[in-house]
Every structure is written in C-alpha cells, then in structure tokens.
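Enquirer: Provided below for reference: sequence and predicted model.
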Amino acid sequence: MKAAVYYETGAPEVLRYEDVPDPVASPGSVLIEIAAISVEGGDTLNRSGGEMATNPHIVGYQCAGTIIEVGEGVTDRFVGQRVVATGLSGSHAAMIAAPSIITWEIPEGADLVKCACVPVAFGTADDCLFEFGHLQSGETVLIQAGAGGVGVAAIQLAKRAGATVIATASNPDRLEPLKALGLDHAVDYSKSGWIDAVRDVTGGRGVDLVVDSVGGKVLAGSAQCLAYRGRLVTVGNAGRDPQPFDLSLLSAGNQSITSVFLGAEILNPRTYAMIAGLVDDVAAGRLEVIVDRLFPLSEAADAHAYIESRQAVGRVVLIP
C-alpha cells in the first residue's frame with residue numbers, strides 16, 4: 001500500500017510517499033481501507049520530534065473508511081461497515097489495522113470526511129468542558145486557539161450548553177466563520193492587552209473556565225483571565241514553547257488547574273459512548289465540522305506545513 005512515512009523526525013519535508021507492506025488484521029482488530037485522514041495537531045508534533053515505533057514510521061491518530069477484514073474475536077464489526085478509528089499511529093496510509101474497541105460506526109448517509117475529524121477534537125473538547133471543566137449553563141468560557149480543531153468543537157459544545165463563549169486566535173479573521181457556530185466574542189491574543197480585552201468582555205469579573213491548548217506563556221495569561229474560583233484546563237502545547245507554570249498565580253483567587261489527555265480516557269465506556277454521540281451529532285448536522293482544506297496523501301508534507309503555518313480554520317484532511 002501507499003503511505004506517508006519518515007525515517008527521522010523533523011520538518012514536514014521528512015515525509016515521503018512510498019510503498020510499504022499492507023497491515024494485517026490481528027486478533028481484536030479490523031482492517032480498514034482509508035478514505036479520509038484527519039491530520040491532528042499531535043501528528044505534526046510527533047513528526048517533528050516524537051517517538052518512532054517503526055522505521056520507516058507512519059504517523060497519524062485518526063482516520064475513517066470501510067472495513068475490509070475483521071480479525072479473530074471481533075463480533076461487533078463487519079466487512080463493509082464504515083467507521084472512524086483512532087490509534088497511536090498509522091493513519092497516514094491507504095489502509096490501517098485498528099483495534100475494534102476504538103472504532104465508531106459512521107451512520108448511513110453521513111459525510112465520511114467530516115466524521116473522520118470527530119473523535120480526537122470533539123472528544124477532547126467535550127472532556128475539557130464538562131468532565132474536567134465542569135462547565136454549567138450561564139457561565140463564561142474562554143477557548144484559546146478557537147480556530148483549531150478542538151477550538152471549533154469547544155465553541156459549539158459550550159454554546160449548546162448555554163455558556164457565553166469567548167475565543168482567541170492570532171488572527172481574528174480566522175474566528176469570523178465561527179460566530180455562526182456560537183462564538184460570542186473574538187480576541188486577538190497576538191496583541192498585548194489581550195488579557196484585559198477578555199476581562200473587559202466580562203465586565204472585569206473574569207471567566208469561569210478556560211480551555212487552553214496553546215500552553216507556554218499563553219497559559220499564564222489564561223490564569224489571569226479567571227474569575228474567582230475559576231477553572232483552568234490545559235490540554236496539549238500547540239504553542240510549542242513549554243514553560244514552567246507558577247501555581248501561586250491561582251492561590252489568591254481559589255482557582256484550579258487540570259491537565260487533560262483524552263488518550264488516557266479513550267477506553268473507558270463513558271468516553272466511548274460520549275464520542276459515539278458526537279459522531280452521531282456531526283452525522284445528523286447538530287454539530288459542524290469545518291474542513292479547511294483537502295490534500296492528497298501524496299502531499300502530506302504540504303498538509304503538515306499548511307497546519308504549521310497557522311492559517312487553517314478547523315481541520316486539514318488527507319485523501320489516499
């Protein structure tokens with residue numbers, strides 16, 4: 001099969017489009033012919049400096065397609081079924097063998113490309129907002145990097161829950177399309193004074209919850225945006241500039257910080273059911289996936305470079 005592989009980590013240019021051996025449906029797994037690959041932020045981070053389980057390595061968390069073979073012991077999946085799958089690696093390819101327990105059925109008639117983008121981004125957003133962020137109707141939430149995959153999902157989920165939604169981006173033009181999805185206030189966090197801008201929106205009170213996928217120096221700013229007893233959820237480090245965080249920033253306001261990683265929850269029945277519901281919501285049009293651009297798998301390097309240029313709004317998808 002064809003795949004986007006690399007022999008060493010580095011810039012997008014390390015990706016090569018090559019023939020590799022076909023995967024095999026081992027016990028407990030299904031073999032999927034891939035139709036769409038959602039390029040996740042973690043994919044670009046892994047390519048730039050993550051662990052390589054194989055050499056050459058096929059990166060990628062998430063994809064969707066049609067099952068063409070069912071491994072021994074799998075009773076809840078069948079050949080011809082359309083599914084979206086997650087995993088540690090292997091999505092940047094024409095086929096993937098994925099554990100059946102981390103695949104979700106795509107409803108009949110649903111847009112397969114959009115459903116390919118759901119589990120990681122929407123599941124992460126849901127957990128950050130509700131399971132760990134405890135967001136309630138009537139509260140105000142700040143979503144950092146609102147134009148990213150998690151951001152687009154979080155804006156919609158927070159608005160659906162009855163919250164007032166503030167989101168940031170380095171270019172506020174990227175947030176304009178999100179106002180139709182529930183964004184109430186847009187803030188440019190590339191400019192000095194963005195913390196004051198957030199607090200001004202709340203009349204000086206601050207926000208009840210921040211979902212911060214940027215990290216680094218932005219995380220300290222997120223803490224300064226909190227209201228008394230506000231909650232700060234940190235998820236990932238899209239800013240790629242990890243810095244120590246001073247917990248004393250939270251003490252005077254009796255505020256809290258929680259770090260979230262969906263992968264640690266992915267096998268829980270609660271999480272599985274939550275993601276299944278989100279896939280159904282996207283399939284039915286109750287939630288929207290924004291696909292910024294499609295690239296052929298042979299141009300995976302260009303797709304990764306485009307994501308790292310921070311121009312995309314929503315997801316970038318590869319098509320084998």
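Expert: Thanks, I have the structure now.
Enquirer: make it CA atoms for all contacts and neighbour counts henceforth
Expert: Fine.
Enquirer: tell me the phi and psi of the closest residue to Phe78 other than its chain neighbours?
Expert: Nearest non-adjacent residue to Phe78, counting by Cα to Cα, 6 or more residues apart in numbering: Val70, 6.4 Å away. Backbone torsions for Val70, taken as degrees, to the nearest 10, come to phi -120, psi 130.
Enquirer: How about Val83?
Expert: Val83 adopts backbone torsions of phi -140, psi 160, taken as degrees, to the nearest 10.
Enquirer: Near it, how many other residues are there?
Expert: Using other Cα atoms under 10 Å, Val83 is surrounded by 23 other residues.
Enquirer: what about it, distance to Cys63?
Expert: Separation of Val83 from Cys63 (Cα to Cα, to the nearest Å) stands at 9 Å.
Enquirer: Spell out which strands sit alongside whichever strand in the chain runs longest in the sheet and which way each one runs.
Expert: For the chain, the strand that runs over the most residues, judged by DSSP state E, is strand 29-39. Sheet pairing for strand 29-39, assigned by DSSP bridges, gives strand 62-70 (antiparallel), strand 95-99 (antiparallel), strand 315-319 (antiparallel).
Enquirer: Now that strand - C-alpha only, PDB.
Expert: This file holds the C-alpha atoms of strand 29-39, laid out as PDB (Å, rounded to 0.1, in the frame of the first residue of the first chain):
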ATOM      1  CA  SER A  29      -8.600  -5.600  15.200                       C
ATOM      2  CA  VAL A  30     -10.200  -4.600  11.900                       C
ATOM      3  CA  LEU A  31      -8.500  -3.800   8.600                       C
ATOM      4  CA  ILE A  32      -9.800  -0.500   7.200                       C
ATOM      5  CA  GLU A  33      -9.500   0.800   3.700                       C
ATOM      6  CA  ILE A  34      -8.900   4.500   4.500                       C
ATOM      7  CA  ALA A  35     -11.000   7.200   2.700                       C
ATOM      8  CA  ALA A  36     -10.100  10.300   4.800                       C
ATOM      9  CA  ILE A  37      -7.400  11.100   7.300                       C
ATOM     10  CA  SER A  38      -7.800  13.900   9.800                       C
ATOM     11  CA  VAL A  39      -4.400  15.500  10.500                       C
END
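Enquirer: who's in contact with that strand?
Expert: 23-25, 60-72, 74, 77, 91-100, 112-113, 116-117, 304, 315-320 (Cα atoms under 8 Å, 6 or more residues apart in numbering).
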